[in-house]
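1. Structure of the sequence below:
(one chain, ligands or ions: 1)
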Amino acid sequence: MTELGLRYQAIVDRIATAATSHNRAVDDLTVVVVTKNNPHQLVLDLLNLGSRDFGENRDQEAAPKAKQIALESDKSFNWHFIGQLQTNKVKSVLEYAHFLHSLDRSSLLDELKKRTIDREVPLRVFVQVNLTDDPERGGVAASDLMAFSERVLDSPGLELVGLMGVGGLAVAPEGEFEKLAILSQEIQKLAPSAAGLSMGMSGDFETAIAYGATHLRIGTAITGNRPN
Ligand SMILES: *Cc1c(COP(=O)(O)O)cnc(C)c1O
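-> This is a model prediction of the structure:
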């Protein structure tokens, strides 16, 4: 097997082990392989290994990559946009993305709502929550989350999947994962189907599984170091 195949299989195995030890069903976990800064060939290789969900964080890179892969592969899979999205890039991202993990502010919601109004298949979105007291960190503040989520639910072209969090670099992930899981319970009172939790990356996905993650965004642990 290739090195990529071995790394991919090792992560799949670790996810299965973590799921078992936390009484989670593996089928409830989606591995979004973060392919940013890697060539489109890596995505083709991962498709051959069986992965069907890929994450990108910059439209300038993702749009041409998505186009090229559509030309070279007829497999069906999901693109997840996971990075901060400028409103002037929404139109482009909507052409290929199936999921947006980083719905983080009102101006972006306004633009998305306007541009998805006639969509047949809604764009599936996670609301990104700012789990810190630092407004610079991006994401909707916990205190605004209910009102913001109601506005998402009121957008016919958007489907609220759940919540997304990016752990702080300086803190242990457990506290933030737990906060997000508690907020998720609140959101589910409003929208029972919005039970998704996008949290956990290469360094902490097993902990995220313990706290109820449904979508793991895993880059380097699978792809190896990013070329840059
Ligand atoms: C790059 C990135 C990831 C993946 O990080 P790794 O440490 O490589 O697993 C996850 N989420 C977001 C938002 C990212 O930008």
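2. I'd like to know how far Ala25 sits from Gly55.
-> In this view, Ala25 and Gly55 are 22 Å apart by C-beta to C-beta, to the nearest Å. C-beta coordinates here come from the backbone N, C-alpha and C atoms, glycine included.
3. What of Asp104?
-> Using C-beta to C-beta, Asp104 is found at 16 Å from Gly55.
4. Next up, the contacts around the nearest residue to Val26 once chain neighbours are set aside.
-> Spatial nearest neighbour of Val26, excluding adjacent residues (C-beta to C-beta, 6 or more residues apart in numbering): Ala19 at 4.8 Å. Going by C-beta atoms under 8 Å, 6 or more residues apart in numbering, Ala19 touches 25-26, 29, 209.
5. average pLDDT for the helix or strand Ala19 falls within?
-> For Ala19, the host element (DSSP states H and E) is helix 3-21. Taken as a whole, helix 3-21 carries a mean pLDDT of 98.
6. Show me what counts as buried in the helix or strand just after that helix.
-> Using DSSP H and E, the helix or strand that directly follows helix 3-21 along the chain is strand 30-34. Neighbour-count burial for strand 30-34 flags 30-34 (criterion: 16 or more other C-beta atoms under 10 Å).
7. so where's the chain shaky on pLDDT?
-> Across the chain, the ranges flagged by pLDDT under 70 are 169-170, 228.
8. and the residue nearest the centre of it, helix, strand or coil?
-> By C-alpha atoms, centre = their mean, the chain has its centre lying nearest to His101, at 4.3 Å. Secondary structure for His101, judged by DSSP: H, G, I helix; E, B strand; the rest coil, is strand.
9. Report the separation between it and the ligand.
-> 7 Å (C-beta to the nearest ligand atom, to the nearest Å).
10. what's the answer for Val12, then?
-> In terms of C-beta to the nearest ligand atom, Val12 sits 15 Å off from the ligand.
11. got a list of what the nearest residue to that residue once chain neighbours are set aside touches?
-> Nearest residue to Val12, sequence neighbours excluded (C-beta to C-beta, 6+ apart): Val31, at 7.4 Å. With contact set as C-beta under 8 Å, 6+ apart, Val31 has these partners: 11-12, 15, 51, 53, 216, 218.
12. Report the beta-bridge partner residues of Val31.
-> Beta-bridge partners for Val31, by DSSP bridges, are Leu216.
13. follow-up on the earlier one: mind saving the C-alpha coords of the helix holding Ala19 as CSV?
-> Extracted C-alpha coordinates of helix 3-21, given in CSV (Å, rounded to 0.1, in the frame of the first residue of the first chain):
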residue,chain,number,x,y,z
GLU,A,3,2.2,5.8,2.3
LEU,A,4,-1.1,7.8,1.9
GLY,A,5,-3.1,4.6,2.0
LEU,A,6,-1.3,3.5,5.2
ARG,A,7,-1.9,6.8,6.9
TYR,A,8,-5.5,6.9,5.8
GLN,A,9,-6.1,3.3,7.1
ALA,A,10,-4.4,4.1,10.4
ILE,A,11,-6.7,7.0,11.0
VAL,A,12,-9.8,5.0,10.0
ASP,A,13,-8.7,2.4,12.5
ARG,A,14,-8.1,5.0,15.3
ILE,A,15,-11.5,6.5,14.6
ALA,A,16,-13.1,3.0,14.9
THR,A,17,-11.3,2.3,18.2
ALA,A,18,-12.3,5.7,19.6
ALA,A,19,-15.9,5.3,18.5
THR,A,20,-16.1,1.9,20.2
SER,A,21,-14.6,3.1,23.5
